[in-house]
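Asks: show me the folded form of this:
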Amino acid sequence: MRYCWAAFVWLVAVVAAATAQTPSPAPQRPPIIGIAHIGLRVSDLAAADNFYGHVLGFDHFSLDKPTGGLMLNYYKVNDHQYIEIYPTLANLNDDRMTHFAFETTNIQQLRDYLDAKGVKVPPAVKPGLDKNISMMIKDPEGHDIEFVQYMPGSLHSSHFGKLMPVGRVSQHMIHVGVTIHDRDAADRFYRDILGFQLMWYGGRTDTETDWVDMRVPDGTDWLEYMLNVHNPSPKQLGVMHHLALGVPSIQPAYQTVLSRGYTPPQPPKVGRDGKWQLNLYDPNDTRVELMEFKPVQTPCCSSYLAPGRRGN
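Replies: Numbers count the residues shown, from 1 in each chain. Presented below is the predicted three-dimensional model:
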């Protein structure tokens, strides 16, 4: 019996030692499938509603503060994409953009993955006031980035399939643009850690790079680096911190906004990326770019990343 017990103790010790020597597998990044929303401050909620609700044709729902009073309006592009409008712009010199967000399929796994990569993350993820689970982090530029997982029973899921009028000018937010001063640092974060892929880059001339399009790893939307921006005025920052709405054809979209009483500063034009585009501005000078999905001319500076192919 003593020998059997000794053998058992030895076996337990061997298993424990083997287990101690086997490291836990590193957390893997879950899918990041697209842009979820952009948050924007406005000074006049009624004027903002005329632009986002009437001119662009988006319907919305709202979220109130726990203490009472409106927190924000969600202008719905589709079931998974929103323009969040906050009536909090008291100083017209402030940045209009509060944050931007991407959707993931597993927020807890993403939090653990980023933590393992040395990114500062919250101690835990938990439901917000809207009952989705999300977390906010900062990129190397100091921009606030939110990652969200839509949950059953949330404010958003309760409106799935609703509030999407046929007359809205677009059904898909295709990119968000933000200022980037250090491209290498941004690439280490967005490309090397988050898995974004270089989709296209170009500039005002063929010899400079002013814009870098980084596509989400598991979808078609992209983040646009706005480079070569130095000490922008509030109006210039509204041009840089922008959102783009995809349209099948720019001319019908142009005629739609004209018919709703909005005259863009310039008519549609083909951009350096070879796509038709039209720049609109909300009452606080945030740029909303309407853009065709496909180029009609050869883009300058670089070719487009083909679907399914990894960028450099």
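
Asks: the stretch 1-150 of the chain: strands as residue ranges?
Replies: Assigned by DSSP state E, counting those that start in this stretch, the stretch 1-150 of the chain shows strands spanning 32-41, 60-64, 70-78, 81-86, 97-104, 126-127, 133-138, 144-149.

Asks: just the C-alpha atoms of the fourth one, please, in CSV.
Replies: The C-alpha coordinates for strand 81-86 follow below in CSV (Å, rounded to 0.1, in the frame of the first residue of the first chain):
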residue,chain,number,x,y,z
GLN,A,81,-23.8,51.6,-37.9
TYR,A,82,-24.7,55.0,-36.3
ILE,A,83,-23.9,58.6,-36.2
GLU,A,84,-24.0,59.6,-32.5
ILE,A,85,-24.9,63.2,-32.0
TYR,A,86,-24.2,64.8,-28.6
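
Asks: ok, and what's touching that strand?
Replies: By Cβ atoms under 8 Å, 6 or more residues apart in numbering, the residues outside strand 81-86 that reach it are 34-42, 45, 48-49, 52, 58, 60, 71-77, 98, 156, 172-173, 243. C-beta here means a position set from N, CA and C on the backbone, and glycine is covered the same way.

Asks: just the buried residues of the residues you listed.
Replies: 34-42, 45, 48-49, 52, 58, 60, 71-77, 98, 156, 172-173, 243 (16 or more other Cβ atoms under 10 Å).

Asks: which residues touch Asp273?
Replies: Taking Cβ under 8 Å, 6+ apart, one finds 200, 202, 211, 213, 295, 299-300 in contact with Asp273.

Asks: which of these sits closest to Leu89?
Replies: Using Cβ to Cβ, Trp211 comes nearest to Leu89 of the contacts of Asp273, at 26.1 Å.

Asks: who's that closest one bridged to?
Replies: Gly202, Met226 (DSSP bridges).

Asks: what of Ile38?
Replies: Bridge pairing for Ile38 - DSSP bridges - gives Ile83, Phe100.

Asks: equivalent analysis for Gln277, please.
Replies: Bridge pairing for Gln277 - DSSP bridges - gives Lys269, Met291.

Asks: that one contacts Arg287, doesn't it?
Replies: No: the criterion here is Cβ atoms under 8 Å, and Gln277 misses it with Arg287 at 10.6 Å.

Asks: any idea how many residues pack against the closest residue to Gln251 other than its chain neighbours?
Replies: What sits nearest to Gln251 in space, not counting adjacent residues and going by Cβ to Cβ, 6 or more residues apart in numbering, is Pro268, at 6.9 Å. Using other Cβ atoms under 10 Å, Pro268 is surrounded by 18 other residues.
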